[in-house]
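> Sharing a model that was predicted from the sequence below.
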Amino acid sequence: MTIPPPPKPEWAHHHAVWIGFPSHPELWLEDLASARLEVAAFAKAVHAEGKGEQVILVAANEESAKAARTLAGNSAKVVVEPFGDIWLRDTAAIIGGDGTAHDFRFNGWGGKYDLEGDDDIGHRLAERARMHVEDHGWILEGGAIDGDGTGLVVTTEQCLLNRNRNPQLSKADVEEMLRKDLGYTQVLWLGDGLLNDHTDGHVDNLARFSGPNRLLVPEGAENDPNWRIYQDAAARAERAGVEVVRFPSPGRVLNEDEEIIPASYMNFYIGNAAVVVPLYGQENDQAAVDMLARLFPGRAIIGQRADHILTGGGSFHCISQQIPTA
């Protein structure tokens, strides 16, 4: 069996990026208009007046497509493809190192949110882009993994070993599937993801690669609701021989009901011209921007608020899926 080349790391050059555009008023309620403004601002930052990659805003219907064109202007191409919600990191195809679009099964994050169109939006978008598509019979969301381009991938046990995803697969089975289908030859297993993350611990909210074998892990104070999770993640990575860079944490972020929400600077997106990081009006916002500037010289570091996108459960990385340059 030929093992495919692993997906390119996010900092590799992109041909384009798919970004989901809020389309269903019944899902977003009073946050719809503001979430649309935040997504359009994200699209403009990634496009960077033509210095970044092509931005493809994906709208679920003609009404939302009209709003996307108005708000994004010349910064994005707008396409209409029906979907349940905007989290294309999880529902769009993962592009392999040879340009193959790998489309995995999707079950609404373990059956929590079963929305029409989310199970096949990845295949439809890839076919629309005239990519070769390979369909895979097991459940995998793009936000559950992050690779460094060498064959090393990081994930969490909480998500990939969760019985609400692939109960028939053991840990060894998952490792073999990642190797066979995506070319990942080494799996770094972290434990749990962030508190109250309805994705069951997606790693793109916990830890991200910023270079080969170099993993960013937040470092919160002891009153941070995720402090022990961060400490465990860093220790596991160091034991595996991965270089760990400790990163600021936004700390305790609450919603309007005074509930802890899974706010994370790790949900940044690495574009050709800019790295866009969600900010939360917290003390460490500027520290996060400054550290990313040191890690990604040559790219603009843009901090943007994503409060209304976060009401849906994610941020900039969650709503985007890059298409690497062939």
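Yep, that arrived. None of the values given here were measured: they were computed from a predicted structure.

> Now do the strand or helix carrying Cys159: everything it contacts.
The secondary structure element spanning Cys159 is helix 157-160 (assigned by DSSP states H and E). Helix 157-160 has contacts (CB atoms under 8 Å, 6 or more residues apart in numbering) with 140-141, 144-145, 165-166, 171, 174, 189-193, 199-203. (C-beta placed from N, C-alpha, C; glycine too.)

> From these, list just the buried residues.
Using 16 or more other CB atoms under 10 Å as the burial test, the contacts of helix 157-160 include 140-141, 144-145, 165-166, 174, 189-190, 192-193, 199-203 as buried.

> Helices - which of those land there?
Within these, residues falling in helices by DSSP state H are Val174.

> residue boundaries of the helices in the stretch 151-300 of the chain?
Using DSSP state H, counting those that start in this stretch, the helices of the stretch 151-300 of the chain run over 157-160, 171-182, 227-239, 285-295.

> typed the wrong thing, it's the stretch 1-150 of the chain
When assigned using DSSP H, counting those that start in this stretch, the helices of the stretch 1-150 of the chain occupy the ranges 25-28, 32-47, 62-72, 88-91, 108-111, 121-128.

> I'd like to know which of the ones you listed is closest to Pro9.
Across the helices of the stretch 1-150 of the chain, Pro9 has its closest neighbour in helix 88-91 (15.0 Å, CB to CB).

> I'd like the average pLDDT over the closest one.
For helix 88-91, mean pLDDT rounds to 98.

> if we can go back for a sec, mind putting the helices of the stretch 1-150 of the chain into TSV with distance to Trp227 and mean neighbour count?
Output for these, formatted as TSV (distance: least, CB to CB, whole Å; neighbours: other CB atoms under 10 Å):
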stretch	distance to Trp227	mean neighbour count
helix 25-28	32	14
helix 32-47	28	22
helix 62-72	38	18
helix 88-91	26	28
helix 108-111	25	17
helix 121-128	35	21
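
> Can you add distance to Arg252 and give these back as JSON lines?
Listed next are the helices of the stretch 1-150 of the chain as JSON lines, based on distance: least, CB to CB, whole Å:
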{"stretch": "helix 25-28", "distance to Arg252": "25"}
{"stretch": "helix 32-47", "distance to Arg252": "22"}
{"stretch": "helix 62-72", "distance to Arg252": "32"}
{"stretch": "helix 88-91", "distance to Arg252": "25"}
{"stretch": "helix 108-111", "distance to Arg252": "24"}
{"stretch": "helix 121-128", "distance to Arg252": "34"}
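
> now for those helices, which one comes closest to Met291?
When the helices of the stretch 1-150 of the chain are compared by CB to CB, helix 32-47 sits nearest Met291, at 18.1 Å.

> In PDB, list the C-alpha atoms belonging to that closest one.
In PDB, the C-alpha atoms belonging to helix 32-47 read as follows (Å, rounded to 0.1, in the frame of the first residue of the first chain):
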ATOM      1  CA  LEU A  32     -26.400  36.900  12.900                       C
ATOM      2  CA  ALA A  33     -25.700  40.500  11.700                       C
ATOM      3  CA  SER A  34     -22.700  40.900  14.000                       C
ATOM      4  CA  ALA A  35     -21.300  37.500  13.200                       C
ATOM      5  CA  ARG A  36     -21.500  38.300   9.500                       C
ATOM      6  CA  LEU A  37     -19.500  41.500  10.100                       C
ATOM      7  CA  GLU A  38     -16.800  39.600  12.000                       C
ATOM      8  CA  VAL A  39     -16.600  36.900   9.200                       C
ATOM      9  CA  ALA A  40     -16.300  39.600   6.500                       C
ATOM     10  CA  ALA A  41     -13.600  41.400   8.500                       C
ATOM     11  CA  PHE A  42     -11.700  38.100   8.800                       C
ATOM     12  CA  ALA A  43     -12.100  37.500   5.000                       C
ATOM     13  CA  LYS A  44     -10.700  41.000   4.300                       C
ATOM     14  CA  ALA A  45      -7.700  40.400   6.600                       C
ATOM     15  CA  VAL A  46      -6.800  37.100   4.900                       C
ATOM     16  CA  HIS A  47      -7.200  38.600   1.400                       C
END
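
> counting contacts, what elements does it pack onto?
In terms of contacts (3 or more CB pairs under 8 Å, 6 or more residues apart in numbering; DSSP states H and E), helix 32-47 is packed against strand 14-20, strand 54-59, helix 62-72, strand 274-279, strand 300-305, helix 307-310.

> contacts for the last one?
By CB under 8 Å, 6+ apart, the list of residues contacting helix 307-310 from outside reads 22, 31, 34-35, 37-39, 261, 263, 278, 280, 315-316, 319.

> One more pass at 6 Å, please.
Identification of contacts with helix 307-310 by CB atoms under 6 Å, 6 or more residues apart in numbering yields 31, 34-35, 38, 315.
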